[in-house]
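Undergrad: I would like to see how this sequence folds:
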Amino acid sequence: MPFLRFKGFQKEFISSISSTVIQQFSKLTGVVQEKIKIELLLVEQLNNSPLSLEIYMFPRDQELHDSIVKELYSILCEHGFRDVHIFFILLSPQLYYKEGQPLVSNHSEPFLIT
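TA: Numbering: from 1, shown residues only. Alright, predicted model coming up:
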């Protein structure tokens, strides 16, 4: 966890940048590289949908979210992808379950959130 989900890109391209994306994301967030997941969503576009990058993660400071987008957008721009929509889907630790248990509950100590 976190999940970086690319939509509308070619598999070969995402594979070619995945190690750079993981390294930079880890450097900015402090999340170990093995916990960062990259996925390619295969969708059938029915109209003029933009390329997008959905970032599923727990909330962080606005400055960190801004830095993440700046770095990832820079990587995409280097390869000619300037019109990419990047957005966060923020997860709640109380509503995220691991092994059937919430990461955070009112009655227990939270797991380490990464």
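Undergrad: Which residues does stretch 83-93 contact?
TA: Stretch 83-93 is contacted by residues 50-59, 65, 69, 72-73, 76, 102-104, 110, 113 when judged by C-beta atoms under 8 Å, 6 or more residues apart in numbering. In this view, the C-beta of every residue, glycine as well, is placed from N, C-alpha and C.
Undergrad: May I see the buried residues of the helix or strand encompassing I14?
TA: Here I14 sits within helix 11-29, counting by DSSP states H and E. Under the neighbour-count criterion of 16 or more other C-beta atoms under 10 Å, helix 11-29 has I14, I17, V21, I22, Q24, F25, L28, T29 buried.
Undergrad: Tell me which entries of the contacts of stretch 83-93 lie within helices.
TA: Counting by DSSP state H, these place H65, V69, L72, Y73, L76 in helices.
Undergrad: Are any of those buried, and if so which?
TA: H65, L72, L76.
Undergrad: ok, which stretches of the protein are strands?
TA: Along the chain, the stretches classed as strands by DSSP state E are 3-7, 37-41, 51-57, 84-90, 97-98, 101-102.
Undergrad: Give the pairing partners of the fifth one; include direction for each.
TA: When you say that, I think you mean strand 97-98. Strand 97-98 has its sheet partners listed here by DSSP bridges as strand 101-102 (antiparallel).
Undergrad: ok, back up a step: can you redo the buried ones among the ones in helices among the contacts of stretch 83-93 as CSV with pLDDT?
TA: Shown next, in CSV, are those (pLDDT from 0 to 100):
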residue, pLDDT
H65, 98
L72, 98
L76, 98
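Undergrad: Output these in a markdown table, with distance to E44 appended to each entry.
TA: Below are those laid out as a markdown table (distance: C-beta to C-beta, whole Å):
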| residue | distance to E44 |
| --- | --- |
| H65 | 30 |
| L72 | 25 |
| L76 | 22 |
